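Undergrad: From the sequence below, what's the structure:
(chains A, B, C and D)
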There are 2 protein chains.
Amino acid sequence: MARRTERASPGRRGPLDLGILPGLLGYRMRRAQLALYQDFLAACEPFTLRQTQFAVLEILERNPGAAPSAVSSALGIKRTNFVPLFDELARRGLAERRADPSDRRARGLFLTKAGAALVARARAAILGHEARLAARLGADDAETLRALLERAEAATQMNES
Amino acid sequence: MARRTERASPGRRGPLDLGILPGLLGYRMRRAQLALYQDFLAACEPFTLRQTQFAVLEILERNPGAAPSAVSSALGIKRTNFVPLFDELARRGLAERRADPSDRRARGLFLTKAGAALVARARAAILGHEARLAARLGADDAETLRALLERAEAATQMNES
DNA sequence: TATTGTTATACTCTATAACTATA
DNA sequence: TATAGTTATAGAGTATAACAATA
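TA: Numbering: from 1, shown residues only, chains lettered A, B, ... in the order given. Prediction:
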């Protein structure tokens, strides 16, 4: 055990005063997002999937043959950064690119059988994780939070006309 | 103008089906956080400060002489990553490390005059930005969102006993 | 032995510019 | 001339291991 020694002028004891930070939506959002993301990672650990990787698989399940640019823009990822992300899924045999006969520049993205099987299991785990979180918050509050997050995203100046 | 050509089997038209994503708190949180962060960056652009840099200055204003490890842990940053972050603030003459006479391993962190002046201006800009966001959401809903984010962070399994 | 600050390093995420092959 | 996909590259953010000085 290290003894707590008194300290001279530099360095107060006890928890720090965070000033205006705890009242800021941006600060609260960052903290909550980090905490939830850690949670999500833990839930997905058996599948070795991160948020974005799951999102790509989920979208391909619903939209077989979707174009890389469509998927990346739907997720708010630059198409240039989507390439290595998808490469990794392809390398793991979860998804694949196919040539588009009608436009030889384009590609269609598809899940493999293994990808479809994995996304089904991951989806179940994620829904379970969400259900546990909602139970802790209370179902009504969880839905309120979800709706407010959607409105906050839309209310951003970024989304101004 | 590029003509919209019909496409064969790979590639549906129209917006993609996002599956379960829009209903997930984790997904909504990530989208909202990104949007708010872009907003925040725009508000702080005149000061060339990112969220974390502002947070450090704000904390030092309230806690002069705080230890690097105290500040970094309060912000959820590893102390090892705090070093280059603070180096940059020091390089810009906004904050400085001072020796601690009572423990020669330790350092106390302080704002410089320039740092104090900058954080005051940045704080005003950030509070203005928050006020505009709150006005768009409605004051009550903004406070509800803030409180729910705090509860969501606490409700995380990460924070389990 | 443990703690404070630090260095070195690697991996992920993000951002910009530019290339290719088509259209 | 514009578009789809891609390459190369650089900047942040984050993670682990290990070190020196000090307690």
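Undergrad: When you work out contacts or count neighbours from here on, use the C-alpha atoms and nothing else.
TA: Fine.
Undergrad: As a check, name the ranges of all helices in chain A.
TA: For chain A, applying DSSP state H gives helices covering A:25-44, A:51-62, A:68-74, A:79-91, A:113-137, A:139-154.
Undergrad: Reformat those as JSON lines; add mean neighbour count.
TA: Below are those laid out as JSON lines (neighbours: other Cα atoms under 10 Å in any protein chain shown):
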{"stretch": "helix A:25-44", "mean neighbour count": "21"}
{"stretch": "helix A:51-62", "mean neighbour count": "21"}
{"stretch": "helix A:68-74", "mean neighbour count": "18"}
{"stretch": "helix A:79-91", "mean neighbour count": "15"}
{"stretch": "helix A:113-137", "mean neighbour count": "17"}
{"stretch": "helix A:139-154", "mean neighbour count": "19"}
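Undergrad: Could you export those helices as JSON lines, including distance to DNA strand C and mean pLDDT?
TA: Shown next, in JSON lines, are the helices of chain A (distance: least, Cα to the nearest atom of the strand, whole Å; pLDDT from 0 to 100):
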{"stretch": "helix A:25-44", "distance to DNA strand C": "10", "mean pLDDT": "93"}
{"stretch": "helix A:51-62", "distance to DNA strand C": "7", "mean pLDDT": "97"}
{"stretch": "helix A:68-74", "distance to DNA strand C": "10", "mean pLDDT": "97"}
{"stretch": "helix A:79-91", "distance to DNA strand C": "5", "mean pLDDT": "98"}
{"stretch": "helix A:113-137", "distance to DNA strand C": "16", "mean pLDDT": "96"}
{"stretch": "helix A:139-154", "distance to DNA strand C": "15", "mean pLDDT": "97"}
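Undergrad: Roughly how far does the most centrally placed residue in chain A sit from B:Cys44?
TA: Nearest residue to the geometric centre of chain A (Cα atoms, centre = their mean): A:Gln51, 3.7 Å. A:Gln51 is 28 Å from B:Cys44, where distance means Cα to Cα, to the nearest Å.
Undergrad: again, but for A:Arg50
TA: Counting by Cα to Cα, the separation of A:Arg50 from B:Cys44 is 30 Å.
Undergrad: One more: A:Pro84?
TA: 31 Å.
Undergrad: A:Ala155 too?
TA: As for A:Ala155, its distance to B:Cys44 is 18 Å (criterion: Cα to Cα).
Undergrad: And A:Arg28, by the same measure?
TA: For A:Arg28, the distance to B:Cys44 - Cα to Cα - is 18 Å.
Undergrad: And for A:Pro15?
TA: Spatial separation of A:Pro15 from B:Cys44 under the definition Cα to Cα is 27 Å.
Undergrad: repeat for A:Arg121
TA: Using Cα to Cα, one gets 42 Å for the distance from A:Arg121 to B:Cys44.
Undergrad: Isn't A:Val119 up against A:Val56?
TA: No: A:Val119 is beyond contact range of A:Val56, at 9.7 Å (criterion: Cα atoms under 8 Å).
Undergrad: Go ahead and confirm A:Gln53 touches A:Glu88.
TA: No: using Cα under 8 Å, A:Gln53 and A:Glu88 do not qualify as a contacting pair, with a distance of 9.1 Å.
Undergrad: got a list of what the nearest residue to A:Arg31 once chain neighbours are set aside touches?
TA: Spatial nearest neighbour of A:Arg31, chain neighbours left out: B:Glu153 (6.7 Å); criterion: Cα to Cα, 6 or more residues apart in numbering or on different chains. Applying Cα atoms under 8 Å, 6 or more residues apart in numbering or on different chains, one finds that B:Glu153 lies in contact with A:Arg31, A:Ala32, A:Gln33, A:Ala35, A:Leu36.
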